[in-house]
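Asker: what follows is a predicted protein model with its sequence.
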Amino acid sequence: MKRLATLILAAGLVLSAAGGAQAIDFKISGEWLMGFNAAEGGLLSHKRQNGARHKADNKDIFSAGQRLRLQLDAVASENLSGTVFFEIGDTNWGQASTGGALGADSTNVIKLKRAYLDWTLPNTELRVRMGLQGLPLPFAAGGSAILNDDVAGVVANYRFSENVGLTLLWARPYNDNYEAVATDPSSNNRDGYLDNMDLVSLAVPLTFDGIEATPWVMYGSVGQNTFRNNDNPRRWFTMSGYENDNGRWSSASFERERATTSAFWAGLPVKLTLWEPWNIEFDINYGYLESMGRGNILRSDGALERYSTRREGWLAKALVEYNMDWGVPGILGWYGSGDDGNPGNGSERLPTVSAAGNFTSFLGDGNLAWASSTDLYDRNLSYAGTWGVGVQIRDISLVEDLKHTFRAVYRGGTNSPSMARYAKNPWSWGSCVDEPAYSDLEHYLTTNDGILEFNLVNVYQMYENFQVNLELGYLVNFIDQDTWKRSWGGKRGEAYSKQDAWKAQLIFAYTF
């Protein structure tokens, strides 16, 4: 905390000196989260290997943690300001690596989350934000299925009228992270070579009485080394997933064909409130990533089959609500295209960059977007290769300052069951065991699989800036074991036992 205070003070002094005689208004805001979590987050209970049976997941059931975020705004005027956003956390109590163990001040867990400038071109309606910032692509129901994350870039907004605007952005999620491998002739022995990913997007916000729509398109350029030798699991959102050593499929080889790969996305989010008390939201997304290369994938019967890294898919999602005095009941649903079972033509799932699905709060991001433990399921999720339908009642208010939200959602897969024969690991839909880096980001479900999720979120507003949040979640496991027994793990004679998952999370949140 002393380091953070010193850092903020130093930043303030620098900005004050730079401003000279001009008055700068400094504003500090932030949030404290303190959380206590009991959970059995895995959908796999036991596995048997070489005749020995043991638990699949040995993580603690109970954990406690905290997170602190502090934002400093240096405001010169309504036309010019600078923002820096620090984060301390996630800090798990008792864990040395996150600064929560005894003598925690010896561990530096201060992170720069955002840092950007806001300015307006004089005598115009053009507003610009440049720097490391939170960047959501336009979305309606269920959160963004393409991108909603912190990223470095430049965003320019222009208002033609109160009804029509224009937004242009350039973002650089990755660059100069590739470290060449001297023993790999194809690496060119060049650090940072062809490893940038650039995104350019154009959106047109349209606002009329009772109608909001924002059609948008985005082009992406991905260098051949952007995700090479990189353990960042978000790559599986974008790539087809067949690449060699990717953790999910049994790839035997991979041959790169292009120095740079092109990608394209488009979306149409619409919100309708003109028929009050009805609220209708729907969103249509499309994405395409051209093939970066081809290779051989190993089937469970030992045969090799040609695959392509091309990926193309679509998604439609919707929410219909009816506002009442005591709460807001609604129905929700989505459908995303899935793999057809032929790796030779690539993947038919929607490619995404960093999704933030929020229809639910266990297999999604629909509550505080924070878990106080290492529970891998409470994360941002893509809808790729899945479908779902559910009901919810949000903001139920029977007692003053106390609100409840209840959800029941069933999700299934749209991927061909024959894809299981290529899986390196049985149940690679997300067991939170052998491939935790991937399972928390994109559950792979076939048309034979399903998960029924229940959420109950209770929020008590104790003070104006302080709330107590109790979240309860349960997952009923309908994964089809017979389908995944055909995977490579089943062929080795390994046996897996499935289980339901649950969590109970109590969070104290102070915002200022």
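Answerer: Yep, it's here.

Asker: shaky segments in the stretch 201-350 of the chain?
Answerer: 229-248 (pLDDT under 70).

Asker: swap in 50 and give it another go.
Answerer: Scanning the stretch 201-350 of the chain with the threshold set as pLDDT under 50 gives 233, 245.

Asker: adjacent strands (with direction) for the helix or strand hosting residue 91?
Answerer: Assigned by DSSP states H and E, residue 91 falls within strand 80-92. Sheet pairing of strand 80-92 (DSSP bridges) gives strand 62-77 (antiparallel), strand 110-120 (antiparallel).

Asker: I figured residue 151 hits residue 132, correct?
Answerer: Yes: between residue 151 and residue 132 there is a contact under Cβ atoms under 8 Å: 7.3 Å. C-beta: built from backbone N, CA, C; applies to glycine.

Asker: now do the contacts for residue 455.
Answerer: 360-362, 366-367, 405-409, 471-473 (Cβ atoms under 8 Å, 6 or more residues apart in numbering).

Asker: number of nearby residues for the residue nearest to residue 93 when sequence neighbours are not counted?
Answerer: Closest residue in space to residue 93, ignoring its immediate chain neighbours: residue 64 at 4.3 Å, by Cβ to Cβ, 6 or more residues apart in numbering. Other residues within reach of residue 64, judged by other Cβ atoms under 10 Å, total 16.

Asker: please name the bridge partners of residue 260.
Answerer: Here residue 260, judged by DSSP bridges, has bridge partners residue 223.

Asker: mind checking what helix or strand follows the helix or strand of the chain with the lowest mean pLDDT in sequence?
Answerer: Least confident helix or strand of the chain, by mean pLDDT, DSSP states H and E, is helix 436-439 with a mean of 35. Next along the chain after helix 436-439, taking DSSP H and E as the criterion, comes strand 450-463.

Asker: next, the buried residues of that following strand.
Answerer: 450-459 (16 or more other Cβ atoms under 10 Å).

Asker: quick one: mean pLDDT for it?
Answerer: Taken as a whole, strand 450-463 carries a mean pLDDT of 96.

Asker: for that strand, C-alpha coordinates in CSV please.
Answerer: Provided in CSV are the C-alpha atoms of strand 450-463 (Å, rounded to 0.1, in the frame of the first residue of the first chain):
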residue,chain,number,x,y,z
GLY,A,450,-25.5,-30.5,-21.7
ILE,A,451,-25.2,-28.5,-18.5
LEU,A,452,-28.1,-27.1,-16.5
GLU,A,453,-27.1,-24.1,-14.4
PHE,A,454,-29.0,-22.4,-11.5
ASN,A,455,-28.0,-19.0,-10.1
LEU,A,456,-29.3,-17.1,-7.1
VAL,A,457,-27.7,-13.7,-6.6
ASN,A,458,-28.7,-11.7,-3.5
VAL,A,459,-27.6,-8.1,-3.1
TYR,A,460,-28.0,-6.1,0.2
GLN,A,461,-27.3,-2.3,-0.1
MET,A,462,-26.2,-1.7,3.4
TYR,A,463,-24.9,1.8,2.8
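
Asker: doesn't residue 130 belong to a helix?
Answerer: No: secondary structure of residue 130 (DSSP: H, G, I helix; E, B strand; the rest coil): strand, not part of a helix.

Asker: oh, and call the first residue 8 from now on, that's how I've got it
Answerer: Got it, the first residue is 8 from now on, which makes the last one we talked about residue 137.

Asker: need the strands paired with strand 87-99 in TSV (columns: distance to residue 91 and mean pLDDT).
Answerer: Shown next, in TSV, are the strands paired with strand 87-99 (distance: least, Cβ to Cβ, whole Å; pLDDT from 0 to 100):
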stretch	distance to residue 91	mean pLDDT
strand 69-84	5	93
strand 117-127	5	94
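
Asker: residue 332 is nearest to which of these?
Answerer: strand 69-84 (34.7 Å; Cβ to Cβ).

Asker: what is the mean pLDDT for the helix or strand harbouring residue 41?
Answerer: Element membership of residue 41, judged by DSSP H and E, is strand 32-47. Averaged across strand 32-47, pLDDT comes to 92.

Asker: sorry, back to before: can you pull the contacts of the residue nearest to residue 100?
Answerer: Taking Cβ under 8 Å, 6+ apart, we find residue 71 in contact with 42-44, 99-101, 379.

Asker: coming back round to it: the strand holding residue 98 versus strand 32-47: what angle between them?
Answerer: 30 degrees (axes from the mean of the first three to the mean of the last three Cα atoms, to 10 degrees).

Asker: ok, and for strand 87-99, which residues are buried?
Answerer: 88-99.

Asker: could you dump these to JSON lines with pLDDT?
Answerer: Below are these laid out as JSON lines (pLDDT from 0 to 100):
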{"residue": "88", "pLDDT": "97"}
{"residue": "89", "pLDDT": "97"}
{"residue": "90", "pLDDT": "97"}
{"residue": "91", "pLDDT": "97"}
{"residue": "92", "pLDDT": "95"}
{"residue": "93", "pLDDT": "94"}
{"residue": "94", "pLDDT": "91"}
{"residue": "95", "pLDDT": "85"}
{"residue": "96", "pLDDT": "74"}
{"residue": "97", "pLDDT": "78"}
{"residue": "98", "pLDDT": "80"}
{"residue": "99", "pLDDT": "80"}
